[in-house]
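**Q** Build me a structure from this.
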Amino acid sequence: DCIMKTMEADYIAGYVCNECGQTTNLRRQAEMSKLPPVLVIQILRYLFVKAATKLTWRPLDFVSVVH
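**A** Residues are numbered from 1 along each chain as shown. This is a model prediction of the structure:
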């Protein structure tokens with residue numbers, strides 16, 4: 001569940017291209033076609049709110065432990 005949650009698409013409205021200066025809406029998503037033999041995952045507990053980055057101490061509601 002954690003991997004699927006981190007692979008969800010982000011939708012960004014009003015993105016401004018650095019090359020041409022055009023404003024557009026976009027979708028950003030990470031994908032893995034094949035998992036490596038050892039996969040190290042770091043889950044960041046940060047909230048990105050407008051131009052500020054804030055650390056959150058609230059529990060992560062989608063965490064499950066793999067044994």
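
**Q** Now do the SS call for residue 5.
**A** helix (DSSP: H, G, I helix; E, B strand; the rest coil).

**Q** Could you measure from it over to residue 41?
**A** As judged by CB to CB, to the nearest Å, residue 5 and residue 41 stand 11 Å apart. Backbone N, C-alpha and C define where each C-beta goes, glycine included.

**Q** Show me which of those two is the more surrounded one.
**A** Higher neighbour count among residue 5 and residue 41: residue 5, with 12 against 8, using other CB atoms under 10 Å.

**Q** any idea how far residue 15 is from that one?
**A** In terms of CB to CB, residue 5 sits 23 Å off from residue 15.

**Q** what number of residues lie near residue 4?
**A** Applying other CB under 10 Å, I find that residue 4 has 8 neighbouring residues.

**Q** Sketch out the helices for this protein, chain order is fine.
**A** 2-6 (DSSP state H).

**Q** Show me where it dips below the pLDDT cut-off.
**A** 2, 43-67 (pLDDT under 70).

**Q** residue ranges for the strands of it, please.
**A** 10-16, 23-28, 46-49, 52-55 (DSSP state E).

**Q** What helices and strands are in contact with the second one?
**A** The elements that strand 23-28 packs onto, with contact taken as 3 or more CB pairs under 8 Å, 6 or more residues apart in numbering; DSSP states H and E, are strand 10-16.

**Q** what number of residues lie near the nearest residue to residue 22 once chain neighbours are set aside?
**A** Once flanking residues are discounted, residue 22 sits nearest to residue 16: 7.4 Å by CB to CB, 6 or more residues apart in numbering. By other CB under 10 Å, the residues close to residue 16 number 9.

**Q** Report the beta-bridge partners for residue 16.
**A** residue 23 (DSSP bridges).

**Q** That one is in contact with residue 25, isn't it?
**A** No: the pair residue 16 / residue 25 is not scored as a contact, 11.2 Å apart, by CB atoms under 8 Å.

**Q** Relative to residue 40, how far out is residue 5?
**A** 17 Å.

**Q** can you check residue 8 too?
**A** 20 Å.

**Q** This completes my enquiry, with thanks.
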